[in-house]
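Peer 1: 3D, please:
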Amino acid sequence: MKTAVIRGKNLRDVDAQLRITSIDADDPRFSDLIVGVDAWPTDVPNVVVLLGVPQHLGVERNGGRAGAAEGPFAIRSALYRMATSEVAPRIAQGDLAIIDVGDLITEGKTLEQIHDEQHDIINAVLSEGALPIVLGGGHDTAWPTIMALNSHGTSYSAINIDAHADVRPLKDGGRAHSGSPFRQMIEAKGALTQGAFVEFGLQKYAVAAAHADYVRNNGGHIEWLDEIRHDGFDVAWERTWQKLQRSSSVYVSLDMDGFASAFAPGVSAPSADGFTPWEVLDVLRQIAQSSYLTAFDVVETNPRFDVDGRTAKLAAAMIATVIGSLRRNRD
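Peer 2: Sure thing, here's the model as predicted:
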């Protein structure tokens, strides 16, 4: 077991105030069922590992508004209180386990140090055959997960559900930021399957022509939001799914600003237009049930600009849907 890496000194336990206990035995909540790393099971086929990365250093480098560092706490606050009708029976049957290893300790560290520590933890999770779910944090948290996928060595496809392409060049001195993770992925030439990267839901008034050209010129595929609507969501998703199935492992990165701001006002870079919750839920459910899902992150939740916790609750619903739908067995 490589859980010793995950138990390392770089992690902070989940805030005790989130560890509520349901007063109704017939109505358990996620908080009742999520366990710590010391309870890691040895014979459960579907193991999910939550990791919080509370920092917005990459967002600030990219000129965005701060606040995403508070995202993991807000998402957990919603997730831990959710009902468990889809997961409780599977946990009781020994088919599913949910582990929360806590948050990376980010205070006093550079973004590069944080990325290196996240890489080590995600790589250890992947080596245990579990599904890492990263709670961001800025979208730069995608890069250390990508590095871990490359270190792990199994070929993968990738989808970025987002209004923005996030293929901006690095800053002076080669510094990563929240707008650069998928350029880094493309240029790393790691385990990414050729032609199996999809930018899903990009908005033409949020993406520079040079960045769209960069994606296409490097074998990536773009599904623009307006074209998804013109062709029909199901048609666009079928095109996307065909490309993702070029590999038997799929990495999914969900930027909360891919939703219309009516549904997700609390993000680093809000979009007036965007996806509806049910569109993305259907996509995530299909990927999780397919047995292809290998890593998942939810990024850019910014509680400082949220309304009634709307964005955090939506992020938690996305995570809960993935957990409840997850099927890791491959027949």
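
Peer 1: Run a quick neighbour tally on P270.
Peer 2: One way to gauge burial is a neighbour count; for P270, by other C-beta atoms under 10 Å, it gives 21. Yep, even glycine has a C-beta here, placed from its N, CA and C like the rest.

Peer 1: does it count as helix, strand or coil?
Peer 2: Counting by DSSP: H, G, I helix; E, B strand; the rest coil, the backbone at P270 sits in coil.

Peer 1: and it, what does it touch?
Peer 2: Under the criterion of C-beta atoms under 8 Å, 6 or more residues apart in numbering, the contact partners of P270 comprise D257, S261, A264, F305.

Peer 1: what about the helices in the stretch 1-150 of the chain?
Peer 2: Counting by DSSP state H, counting those that start in this stretch, the segments of the stretch 1-150 of the chain that form helices are 3-6, 30-33, 57-61, 71-79, 88-92, 111-127, 142-152.

Peer 1: next one: the stretch 151-300 of the chain
Peer 2: 181-188, 209-217, 225-231, 233-244, 277-289.

Peer 1: In a markdown table, list those helices along with distance to H164, mean neighbour count and mean pLDDT.
Peer 2: As requested, the helices of the stretch 151-300 of the chain are exported to a markdown table (distance: least, C-beta to C-beta, whole Å; neighbours: other C-beta atoms under 10 Å; pLDDT from 0 to 100):
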| stretch | distance to H164 | mean neighbour count | mean pLDDT |
| --- | --- | --- | --- |
| helix 181-188 | 10 | 22 | 98 |
| helix 209-217 | 8 | 14 | 98 |
| helix 225-231 | 11 | 15 | 98 |
| helix 233-244 | 17 | 16 | 98 |
| helix 277-289 | 16 | 18 | 97 |
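
Peer 1: T84 is nearest to which of those?
Peer 2: For T84, the closest of those is helix 277-289, at 16.3 Å, according to C-beta to C-beta.

Peer 1: Which strands or helices does the closest one pack on?
Peer 2: Packed against helix 277-289 by the contact rule (3 or more C-beta pairs under 8 Å, 6 or more residues apart in numbering; DSSP states H and E) you find helix 233-244, strand 250-255, helix 310-325.

Peer 1: Paired strands for the second one, with orientation please.
Peer 2: The sheet places strand 250-255 alongside strand 156-161 (parallel), strand 293-299 (parallel), with pairing taken from DSSP bridges.

Peer 1: if we can go back for a sec, mark which of the contacts of P270 are buried, thanks.
Peer 2: Judged by neighbour count, with 16 or more other C-beta atoms under 10 Å as the criterion, the buried members of those are D257, S261, A264.

Peer 1: how about these in CSV, adding pLDDT and distance to P132?
Peer 2: As requested, the buried ones among the contacts of P270 are exported to CSV (pLDDT from 0 to 100; distance: C-beta to C-beta, whole Å):
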residue, pLDDT, distance to P132
D257, 97, 22
S261, 96, 28
A264, 98, 23
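
Peer 1: Return the member of the residues you listed nearest to D116.
Peer 2: Set against D116, the nearest of these by C-beta to C-beta is D257 (26.3 Å).

Peer 1: Contacts only, for that closest one.
Peer 2: With contacts defined as C-beta under 8 Å, 6+ apart, the neighbours of D257 are D162, A163, H164, A264, V267, S268, A269, P270, S271, G274, E300.

Peer 1: Surely the fifth one and M256 touch.
Peer 2: It refers to V267. Yes. Using C-beta atoms under 8 Å, V267 is in contact with M256, at 4.8 Å.

Peer 1: More neighbours: which of those two?
Peer 2: Per other C-beta under 10 Å, whichever of V267 and M256 has more neighbours is M256, with 35 against 28.
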